[in-house]
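Q: let me see the structure of the following:
(chains A, B, C and D)
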Protein chains: 2
Amino acid sequence: MGTITSNARGSAAESSEATRRLSSAPIADEIEFLLARARTIGIIRANQALEPLGLKVRHYVVLSLAASDLTPSQRELAEFLQLDPSQLVSTIDALEARGWVERKPSSEDRRVNVLNATPAGQQVLTQAQEAIVEAEDDSLCDLSVDEREQLRGLLKRISFR
Amino acid sequence: MGTITSNARGSAAESSEATRRLSSAPIADEIEFLLARARTIGIIRANQALEPLGLKVRHYVVLSLAASDLTPSQRELAEFLQLDPSQLVSTIDALEARGWVERKPSSEDRRVNVLNATPAGQQVLTQAQEAIVEAEDDSLCDLSVDEREQLRGLLKRISFR
DNA sequence: TTAAATACTTGAATTTGTCAACGATCGCGA
DNA sequence: TCGCGATCGTTGACAAATTCAAGTATTTAA
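A: Next up is the predicted model:
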């Protein structure tokens, strides 16, 4: 992971000497840079939190969407998550192999697979959510409840429009 | 790249039918998810903006830090950007090959290379910054100046602490 | 009924990230 | 001063992730 990439290394938001020193650079004031850094830290923490369940963030997200009442198709998920359809295949394969989600051919269009979470999947999801909440709390511990709401609102506006 | 990964695909914040439909899922309210999505959109836009200059975001960030008066070492950059030291080697190689940065052995410790931007590098950086500002403006166009400041402040607090 | 388009899958190619090992250098303590 | 362990940058091998093109099945539209 890296601030500028997508991996997930390092011990999360550790403030090393170098980090402190370089954080006064102009780049550290750019919103895009901060977004990338915050995301990196968040993903590292989230992946750590999910590890006991044998999940990664991507699986968690797909499981969560499968468990919603939106019954998303694979194409919809690919679009929503901005992933290549083939990346979803392996993600769903992994979830399905453990009996947590099911591909269900759509009754309207037999090309389409709709995703459903199984009862076991929903149970895992509940545990995963608890782990995620804890990790998120860790990442956002400096922010008050109000500030978190503010942040959520601002991010939502730039994420969906 | 995807919301859950680090690549840079898709045409940025396009609101497809599927995206709109799935954005009502519970996951779309989680800050970590929104951070990931916002970053993805931002990186896509930024990479597009930098393409005419033959730069990617990672090069831009390193160039920007090299041009600061902090004269960072490679190790410091690796720590700050949470990258493997070897990833910095290739990034700096690329920048140095074009004459935009220089490795300068530190006078205090000859193991250490300190980075400096050349005049040509600073010139490119200026252009890159203009392109980035434009892209950022595109990403954040729904936010007022005040709101951008708010967002910057909140992100800074969760990114550095 | 056919042709084009879409959904999912597969596998190969490319890119990216991870890791261990190396030479050079530093710092510490004997 | 000498020598040992640690650090910095680099290299190259390995693993993982992303990207892309092609294939099958199915739908839609002509």
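Q: mind jotting down where the helices sit in chain A?
A: Secondary structure of chain A (DSSP state H): helices located at A:17-22, A:31-50, A:57-67, A:74-81, A:85-97, A:119-139, A:145-159.
Q: low-confidence ranges, chain A, go.
A: Regions of chain A meeting the criterion pLDDT under 70 cover residues A:1-14.
Q: redo that, cut-off 80
A: Counting by pLDDT under 80, chain A shows low-confidence ranges at A:1-15.
Q: what's near enough to touch the most centrally placed residue in chain A?
A: Computing the C-alpha centroid of chain A and ranking residues by Cα atoms, centre = their mean puts residue A:57 first, at 4.6 Å. Contacts of residue A:57 were listed using Cβ atoms under 8 Å, 6 or more residues apart in numbering or on different chains, and they are A:43, A:46-47, A:50, B:4, B:36. In short, each C-beta sits where N, CA and C put it, glycine included.
Q: grab the nearest non-local neighbour of it.
A: Across the structure, with Cβ to Cβ, 6 or more residues apart in numbering or on different chains as the measure, the residue nearest residue A:57 apart from its sequence neighbours is residue A:46 (5.1 Å).
Q: coming back round to it: can you lay out the helices of chain A as JSON lines showing distance to DNA strand D?
A: Supplementary listing: the helices of chain A in JSON lines, determined by distance: least, Cβ to the nearest atom of the strand, whole Å:
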{"stretch": "helix A:17-22", "distance to DNA strand D": "8"}
{"stretch": "helix A:31-50", "distance to DNA strand D": "10"}
{"stretch": "helix A:57-67", "distance to DNA strand D": "7"}
{"stretch": "helix A:74-81", "distance to DNA strand D": "10"}
{"stretch": "helix A:85-97", "distance to DNA strand D": "4"}
{"stretch": "helix A:119-139", "distance to DNA strand D": "17"}
{"stretch": "helix A:145-159", "distance to DNA strand D": "18"}
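Q: hmm, residue A:67 is touching residue A:123, no?
A: No - look at residue A:67 against residue A:123 with Cβ atoms under 8 Å: they stay out of range, at 10.1 Å.
Q: look up how far residue B:67 lies from the closest residue to residue A:16 other than its chain neighbours.
A: With sequence-adjacent residues excluded and distances taken as Cβ to Cβ, 6+ apart, residue A:16 is closest to residue B:79, at 5.1 Å. Counting by Cβ to Cβ, to the nearest Å, the gap from residue B:79 to residue B:67 is 19 Å.
Q: neighbour count for these two, which is higher?
A: For residue B:79 versus residue B:67, neighbours defined as other Cβ atoms under 10 Å in any protein chain shown are more numerous around residue B:67 (23 against 20).
Q: can you get me a residue count around the residue nearest to the more buried one when sequence neighbours are not counted?
A: Distances taken as Cβ to Cβ, 6+ apart put residue B:117 closest to residue B:67, at 3.7 Å, once the chain neighbours are dropped. For residue B:117, the tally of surrounding residues (other Cβ under 10 Å) stands at 22.
Q: circling back: my guess is the residue nearest to residue A:57 meets residue A:134, correct?
A: No - Residue A:46 is beyond contact range of residue A:134, at 9.9 Å (criterion: Cβ under 8 Å).
Q: the two: which is more packed in?
A: The residue with the greater number of neighbours, taking residue A:46 and residue A:134 and applying other Cβ under 10 Å, is residue A:46; the counts read 29 against 12.
Q: now do the more buried one against residue B:37, distance only.
A: Taken as Cβ to Cβ, the span from residue A:46 to residue B:37 is 14 Å.
Q: what's the answer for residue A:25, then?
A: In this structure, residue A:25 and residue B:37 are 26 Å apart, going by Cβ to Cβ.
Q: who's more crowded, the two?
A: residue B:37 (27 against 20).
Q: go ahead and confirm that one touches residue A:157.
A: No - at 11.7 Å, residue B:37 and residue A:157 do not qualify as touching, with contact defined as Cβ under 8 Å.
Q: ok, and the most crowded of the contacts of residue A:57?
A: Across those, the neighbour count under other Cβ under 10 Å reaches its highest value at residue B:36, namely 32 neighbours.
Q: so how far is residue A:40 from it?
A: From residue B:36 over to residue A:40 the distance is 10 Å, taken as Cβ to Cβ.
Q: the residue nearest to residue A:16 touches residue A:21, doesn't it?
A: No - counting by Cβ under 8 Å, no contact exists between residue B:79 and residue A:21, whose distance comes to 9.6 Å.
Q: with adjacent residues omitted, what lies nearest to residue A:55?
A: Leaving out its chain neighbours, residue A:55 is closest to residue A:128 (Cβ to Cβ, 6+ apart), at 5.9 Å.
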